[in-house]
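Novice: model this:
(chains A, B, C and D)
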There are 2 protein chains.
Amino acid sequence: MGGHRAQQKEKTRRTIIDAAFRLLNQERSYSSLSLREVTREAGIAPTSFYRHFEDMEELGLTLVDEGGVALRQLMRKARQRIRDQGSVIQTSVETFMEFIQSSPHVFRLLLRERSGTSLAFRKAVSRELQYFVVELADYIQHTQGYPAEEARVQAEAMVILVFNACAEALDCKPAERKLLTEKSIRQLRFVARGADEFLKGRH
Amino acid sequence: MGGHRAQQKEKTRRTIIDAAFRLLNQERSYSSLSLREVTREAGIAPTSFYRHFEDMEELGLTLVDEGGVALRQLMRKARQRIRDQGSVIQTSVETFMEFIQSSPHVFRLLLRERSGTSLAFRKAVSRELQYFVVELADYIQHTQGYPAEEARVQAEAMVILVFNACAEALDCKPAERKLLTEKSIRQLRFVARGADEFLKGRH
DNA sequence: TAAAATTGCGTACAAGTGTACGCTGAAAAA
DNA sequence: TTTTTCAGCGTACACTTGTACGCAATTTTA
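Specialist: Next up, the predicted model:
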């Protein structure tokens, strides 16, 4: 089952994807990657690329998708931790910070393509981040009893703040990262507290 | 005075800078710009570029600087408006939104290079944004009597939220931009209100 | 005035790019 | 078995890129 052929093809496809990820470091962005570079890193002929992807954009979107999967795994992990230890805000921020430490490539890809030149990329990244927003909004809505709209606006603010703190953290040493984590936590608390006050004031 | 020569040189230099800005649209980022493209757009020979800039990075940093000037003008304008009409939050957000409408190239440059591949660029953009943060923090500190630290953390959160809303607005039609503006205002109010509550709670 | 300096141009070259085309060997289908 | 399919390769081509080098014209300096 599977077919020896299809199996081999999938394997090569993965080789390409992994090679591309490997090339995404501090000073290479996806858009600056050439098809030939990727195939060189993957150890295949340039023209073989086309057996797997239409062009570089298609590969890029695949990478973003994989990044999204990693993000959602992260989200699940965070949810578990929140159940275990309580603090939503602290846990979310810390989980994110661990993510950029364990897979900076993935984070950088999402970070850069979020404001990149390809609309398709921007939309894809935005979609991935929305998963997080929805998840968090749900949590807020159910535990705090906020209206859906209100919860969502709040959740979006929080995700943006955490995401930006992580972006900043990429350029930092561990010690400075700790400070950033704390700052970020304070900012999220502002948002949470502020939203709460607005809601109380309305009744 | 000035010297006919130096004067002519400055003129060509401007031609190059303007050409580069002109090329920065939706689907071209600075890092994807080639030296030859810029000189072609500027109407000079490729090799003449070197009479004015060491390399593309130097030109890029010049552009970021010019973008910073535009931002600071914006800031001054906002300050004036706040004096005239009162609401800090609404005015700040609206001024920013007008900025991306009037000079989207400049905003896009800052937005992209903020998470780009060149550390020098990232630092330059970060520095420009810090002007805004400092300014806003000052305002908060003086009108609300917050401690400097607290005001700064709050101001940073606000600038990040506005900046991100603008980034999102770049892909939007005017009608959607209005919604974004409102959402952004609400988020900043959360932050302001939350910070306020935290401070009250401490006494 | 003569000499020096400097902006801008044209040419040239090595290196890198995307991709069209046809071949080969092995797997899948007949 | 014979035939068909197809992943992967090598070659080839037309472009684009950055930049070294020397020349021309004109301004600045001596």
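
Novice: The most centrally placed residue in chain A and B:F96, how far apart?
Specialist: The centre of chain A sits closest to A:L71, judged by CA atoms, centre = their mean, with a distance of 4.8 Å. Separation of A:L71 from B:F96 (CB to CB, to the nearest Å): 28 Å. In this view, the C-beta of every residue, glycine as well, is placed from N, C-alpha and C.

Novice: Check A:G43 too.
Specialist: Taking CB to CB, one finds A:G43 at 48 Å from B:F96.

Novice: Pick out whichever of these two has more residues nearby.
Specialist: Ranked by neighbour count (other CB atoms under 10 Å in any protein chain shown), A:G43 and B:F96 place B:F96 first, with 24 against 10.

Novice: could you give me the average pLDDT of the helix or strand harbouring the more buried one?
Specialist: Assigned by DSSP states H and E, B:F96 falls within helix B:88-102. For helix B:88-102, the mean pLDDT works out to 95.

Novice: can you tell if it touches chain A?
Specialist: No - using CB under 8 Å from any CB of the partner chain, helix B:88-102 stays clear of chain A, with a minimum separation of 11.7 Å.

Novice: what residues does chain A put near DNA strand C?
Specialist: Counting by CB under 7 Å from any atom of the strand, the positions of chain A adjacent to DNA strand C are A:3-6, A:34-37, A:46-47, A:49-50, A:55-56.

Novice: Could you provide these in TSV, with additional columns for secondary structure, neighbour count and pLDDT?
Specialist: Putting those into TSV (DSSP: H, G, I helix; E, B strand; the rest coil; neighbours: other CB atoms under 10 Å in any protein chain shown; pLDDT from 0 to 100) gives the following:
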residue	secondary structure	neighbour count	pLDDT
A:G3	coil	8	88
A:H4	helix	7	90
A:R5	helix	8	95
A:A6	helix	10	96
A:S34	coil	11	98
A:L35	helix	15	98
A:R36	helix	11	98
A:E37	helix	15	98
A:P46	helix	13	98
A:T47	helix	9	98
A:F49	helix	20	98
A:Y50	helix	10	98
A:D55	coil	10	98
A:M56	helix	17	98
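
Novice: Only the C-alpha atoms, please, for stretch A:91-105, written as PDB.
Specialist: The C-alpha coordinates for stretch A:91-105 follow below in PDB (Å, rounded to 0.1, in the frame of the first residue of the first chain):
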ATOM      1  CA  THR A  91       1.400  30.700  30.300                       C
ATOM      2  CA  SER A  92       0.500  32.000  26.900                       C
ATOM      3  CA  VAL A  93       3.400  34.400  26.800                       C
ATOM      4  CA  GLU A  94       5.900  31.900  28.100                       C
ATOM      5  CA  THR A  95       4.800  29.200  25.700                       C
ATOM      6  CA  PHE A  96       5.300  31.600  22.800                       C
ATOM      7  CA  MET A  97       8.700  32.500  24.100                       C
ATOM      8  CA  GLU A  98       9.700  28.800  24.200                       C
ATOM      9  CA  PHE A  99       8.500  28.400  20.700                       C
ATOM     10  CA  ILE A 100      10.800  31.000  19.200                       C
ATOM     11  CA  GLN A 101      13.600  29.400  21.100                       C
ATOM     12  CA  SER A 102      12.800  25.900  19.800                       C
ATOM     13  CA  SER A 103      11.900  26.800  16.200                       C
ATOM     14  CA  PRO A 104      13.100  30.300  15.300                       C
ATOM     15  CA  HIS A 105      13.000  29.400  11.600                       C
END
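
Novice: Next one: the residue in chain A positioned nearest to chain B from B:G194, what distance?
Specialist: Using CB to the nearest CB, the single residue of chain A nearest to chain B is A:G194, 3.0 Å away. Between A:G194 and B:G194 the computed distance is 3 Å (CB to CB).

Novice: Then A:S31?
Specialist: When A:S31 is compared with B:G194 (using CB to CB), they lie 38 Å apart.

Novice: So for those two, which sits in the more crowded spot?
Specialist: B:G194 (25 against 19).

Novice: Buried ones in the helix or strand harbouring that one, by neighbour count?
Specialist: Assigned by DSSP H and E, B:G194 falls within helix B:174-202. Within helix B:174-202, the residues that qualify as buried are B:177, B:180-181, B:183-199, counting by 16 or more other CB atoms under 10 Å in any protein chain shown.

Novice: now check that helix, is it near chain A?
Specialist: Yes - counting by CB under 8 Å from any CB, chain A has neighbours in helix B:174-202: B:183, B:186-187, B:189-198.

Novice: quick one: buried residues of stretch A:25-42?
Specialist: A:S29, A:Y30, A:S31, A:S32, A:L33, A:V38, A:T39, A:E41, A:A42.

Novice: Out of these, which are close to chain B?
Specialist: Checking those against chain B by CB under 8 Å from any CB, the ones in range are A:S29, A:S31, A:S32.

Novice: Could you export these as a markdown table, including distance to B:L136 and pLDDT?
Specialist: Formatted as a markdown table, those follow (distance: CB to CB, whole Å; pLDDT from 0 to 100):
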| residue | distance to B:L136 | pLDDT |
| --- | --- | --- |
| A:S29 | 30 | 96 |
| A:S31 | 33 | 95 |
| A:S32 | 34 | 95 |
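
Novice: what's the closest of those to B:Q154?
Specialist: For these, the residue nearest B:Q154 by CB to CB is A:S29; the value is 31.9 Å.

Novice: Could you pull up the residues touching the closest one?
Specialist: By CB atoms under 8 Å, 6 or more residues apart in numbering or on different chains, A:S29 lies in contact with A:R108, A:R112, A:G116, B:S31, B:G116, B:T117.

Novice: Of all pairs in the residues you listed, which one is the farthest apart?
Specialist: A:R108 and B:S31 (13.9 Å).

Novice: Check A:T181 and give its pLDDT.
Specialist: pLDDT, A:T181: 98.

Novice: List the contacts of stretch A:88-98.
Specialist: Outside stretch A:88-98, the residues that touch it by CB under 8 Å, 6+ apart are A:74, A:77-78, A:81-82, A:85, A:136, A:139, A:143, A:158, A:162-163, A:165-166, A:169, A:177, A:180-181, A:184-185, A:188-189, A:192.

Novice: Residues of chain A that sit close to chain B?
Specialist: Checking chain A against chain B by CB under 8 Å from any CB, the hits are A:26-29, A:31-32, A:111-112, A:114-119, A:122, A:126, A:153-154, A:156-157, A:160-161, A:164, A:167, A:171, A:183, A:186-187, A:189-198.

Novice: Thank you kindly, that will do.
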